[in-house]
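**Q** Fold the following for me, if possible:
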Amino acid sequence: MIEKATFGAGCFWGVEETFRQVPGVVETTVGYLGGSLVNPTYHDICTDTTGHAEVVEVQFDPEQVSFDQLVGVFWKIHDPTTLNRQGPDVGRQYRSAIFTHSEAQRATAESSRLAAQPGFRRPIVTEITPTSTFYRAEEYHQRYVERRGGSSCSTH
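**A** Numbers count the residues shown, from 1 in each chain. As a prediction, this is how the structure comes out:
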């Protein structure tokens, strides 16, 4: 049975591409989650007033890759110690976040965060919260790196 995991780790373009390469991941979708506006657009979330994060929804086969392994990838692909920022991208939409789909995912994410902390000089600020309504991003954001090449997110 296919499961979902949802991660915010800055600009979703490169994050999506990384997760797409993980064996056992069957689908990725970029979108917006964790905010108050219904049906936000990219323009809306860039105002940094909606509360949404740029996220990647990962559908995976748990017989091939575990949620814990996906969380391990998450810790490696961004800096979870910077609040509302990844590299040149600044704003709440770029926050480090794990949106959990079950109590088991929450427990795994929490224990993984504790285990990852010694690997960072500053405190991990990653938000771990239950998932809410996921809004699919505009089509031009889907598989952006694959279709256009490159991974820079500073040219949104």
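
**Q** Which secondary structure element of this structure has the lowest mean pLDDT?
**A** Lowest mean confidence among the helices and strands of the chain (mean pLDDT, DSSP states H and E): helix 144-148, at a mean of 80.

**Q** Just give the number of residues close to the closest residue to Asp48 other than its chain neighbours.
**A** In this structure, Asp48 finds its nearest non-sequential neighbour in Gly91, 4.1 Å apart by C-beta to C-beta, 6 or more residues apart in numbering. Every residue, glycine included, has its C-beta placed from N, CA and C. When neighbours are counted by other C-beta atoms under 10 Å, Gly91 registers 16.

**Q** With Tyr144 instead?
**A** As a measure of burial, Tyr144 has 21 neighbours, counting by other C-beta under 10 Å.

**Q** got a list of what it touches?
**A** 13, 16-17, 30 (C-beta atoms under 8 Å, 6 or more residues apart in numbering).

**Q** Could you identify which of the residues you listed has the most neighbours?
**A** Taking other C-beta under 10 Å as the neighbour criterion, Glu16 ranks highest of these with 27 neighbours.

**Q** Let me know whether that one touches Val30 as I believe.
**A** Yes: here Glu16 reaches Val30: they are 5.1 Å apart, a contact under C-beta atoms under 8 Å.

**Q** Common neighbours of these two, please.
**A** Common neighbours of Glu16 and Val30 (C-beta under 8 Å, 6+ apart) are 56, 142, 144.

**Q** Pro64 touches Pro23, doesn't it?
**A** Actually, residue 64 is Gln. It isn't Pro. Yes: look at Gln64 against Pro23 with C-beta under 8 Å: they come within range, at 6.0 Å.

**Q** of the two, who's got more company?
**A** Under the criterion of other C-beta under 10 Å, the comparison of Gln64 against Pro23 puts Gln64 first, with 12 against 9.

**Q** Doesn't that one lie inside a strand?
**A** No: looking at Gln64 with DSSP: H, G, I helix; E, B strand; the rest coil, it is coil, so not inside a strand.
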